[in-house]
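Colleague: Sequence first, then the predicted structure:
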Amino acid sequence: MSRLLELDGVCAHYGPVQALFGVTLRMAPGEVLALMGRNGMGKTTTIRTIMRLLPCRAGTIRLDGCDLSRLAPHHAARAGLGLVPEGRRCFAPLTVAENLSVAARPGEWTQARVVALFPRLGERMGQRAATLSGGEQQMLAIGRALMTNPRLLILDEATEGLAPVVRHEIWAAIRALKAQGMAILLVDKSLAELAGVADRATILERGATVWSGAMAGLDDTLAARYLGV
Ligand code: ATP
C-alpha cells in the first residue's frame, strides 16, 4: 500500500522519563486511523512526537516517505501536518476570520470551504474567538487546521466536553472530511463513533503499539483487553 504516515519504533521522553517505547503505525492516503488505548497509554504523546513538539529519541517518522524525525517543530505545518490539539486552542483575542487567515497556507482549503463545512462559523466571522461557545471554538480549531492545507489532519479528543448535539455536528464534519478524501488520525473516547468512521485502528499499551488492524477486526475480546470496555 502507498504510505502517507509511517512510524517505526518511535521512542520519546518527558525529560528523564520515557513515555513512548516503540510506537509503530501506518496510514495510507485518504485513510482514517483511530489511535486508541486507555488513559495515559501514550496517544497524546505520540501526536506530540509526530508534530515535533517532543523529540523522537529513537525510531523514525515519515510523511510521504520524507523523514520528519529531525524536523524543527515550526516546520511541521509546512510538511503537511494539521493538528487540532486537545483543549481546542484558538487565539482568543482574534476574530474568527483573523484566526482562519493567520493559519492560511496556499491550497484547496479556503475560508469559504471552511464555512461550507461549518456554516455556524460563517455567522460569527467578526466575533472574537474568546466569545464563542465550546463547540464553535472546536469548529474554529478544526477550521484553522484545515486552512494550513494539511495532507494529514490530526484530531486529539475533538469532541471532549461538548454537548451531544455539538458532538454530532463534529462527527458529521469528520465524516464529510473523510468523504472528501482527507486522511485523519483520530483520538477519541467514543468507540461507537470511531467504529463508524475509522478504517483502521492502532492500539497503544504503556507507550508501545500492541495491535493494529482493520476497525472491523477490533472485537469485544480486544476491546476488553486493551480498552477496558
Ligand atoms: P489520555 O487519554 O489520558 O489523554 P494518553 O494515552 O493521551 O492519555 P499521554 O498523555 O500521552 O497518554 O501520556 C503518556 C504517559 O506520559 C503517561 O504516563 C503520562 O503520565 C506521561 N506524561 C504525559 N505528559 C507528560 C508531561 N508533560 N510530563 C511528564 N510525563 C507526562
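Modeller: The structure has been received and is ready for your questions. Because the structure is a prediction, the values reported are computed rather than measured.

Colleague: Gly59 sits in which helix or strand?
Modeller: Taking DSSP states H and E as the criterion, Gly59 maps to strand 58-63.

Colleague: Given that strand, what are its sheet partners and their directions?
Modeller: strand 5-14 (antiparallel), strand 66-67 (antiparallel) (DSSP bridges).

Colleague: These: which one's closest to Ile184?
Modeller: With CB to CB as the criterion, Ile184 lies closest to strand 5-14 of those, at 10.9 Å. Heads up, the C-betas are built off the backbone N, CA and C, glycines and all.

Colleague: Could you point out the helix or strand that follows the closest one?
Modeller: strand 17-27.

Colleague: tell me which residues in that next one are buried?
Modeller: By 16 or more other CB atoms under 10 Å, the buried positions in strand 17-27 come out as Ala19, Leu20, Phe21, Val23, Leu25, Arg26, Met27.

Colleague: same question, stretch 110-117
Modeller: Quick answer for stretch 110-117 (16+ other CB under 10 Å): Gln111, Val114, Val115, Leu117.

Colleague: looking at it, the third one is touching Glu123, isn't it?
Modeller: Same thing as Val115. No - the criterion here is CB atoms under 8 Å, and Val115 misses it with Glu123 at 9.0 Å.

Colleague: tell me how far the lowest-mean-pLDDT helix or strand in the chain is from the chain's mean position?
Modeller: Lowest on mean pLDDT, DSSP states H and E among the helices and strands of the chain sits helix 76-79, with a mean of 83. When distances are taken as CA atoms, centre = their mean, to the nearest Å, helix 76-79 is centred 14 Å away from the chain's centroid.

Colleague: what's the answer for stretch 150-167, then?
Modeller: Computed by CA atoms, centre = their mean, the chain-centroid distance of stretch 150-167 equals 8 Å.

Colleague: Show me what the residue sitting nearest the centre point of the chain is bridged to.
Modeller: Most central in the chain under CA atoms, centre = their mean is Ile154, positioned 1.7 Å from the mean C-alpha point. Following DSSP bridges, Ile154 is listed with bridge partners Leu83, Leu185.

Colleague: Contact partners for it?
Modeller: Each residue near Ile154 by CB atoms under 8 Å, 6 or more residues apart in numbering is listed here: Ile47, Ile50, Met51, Leu81, Gly82, Leu83, Val84, Ala145, Ile184, Leu185.

Colleague: Run through the residues that contact the fourth one.
Modeller: Put plainly, it is Leu81. Contacts here follow CB under 8 Å, 6+ apart; on that basis Leu81 touches Ile50, Met51, Leu63, Pro150, Arg151, Leu152, Ile154.

Colleague: and what of the third one?
Modeller: With contact set as CB under 8 Å, 6+ apart, Met51 has these partners: Pro73, Ala76, Leu81, Leu83, Ile154.

Colleague: Tell me where this structure has strands.
Modeller: Using DSSP state E, the strands of the chain run over 5-14, 17-27, 32-36, 58-63, 66-67, 81-84, 152-156, 183-187, 200-205, 208-214.

Colleague: Run through the residues of the chain sitting next to the ligand.
Modeller: When proximity is defined by CB under 6 Å from any ligand atom, the chain lies next to the ligand at Tyr14, Val17, Ala19, Gly37, Asn39, Gly40, Met41, Gly42, Lys43, Thr44, Thr45.

Colleague: circling back to that earlier point, which of the contacts of Leu81 lies closest to Glu98?
Modeller: The nearest member of those to Glu98, counting by CB to CB, is Pro150 at 20.0 Å.

Colleague: Output the below-cut-off pLDDT ranges for the protein.
Modeller: Applying pLDDT under 70 to the chain flags residues 1.
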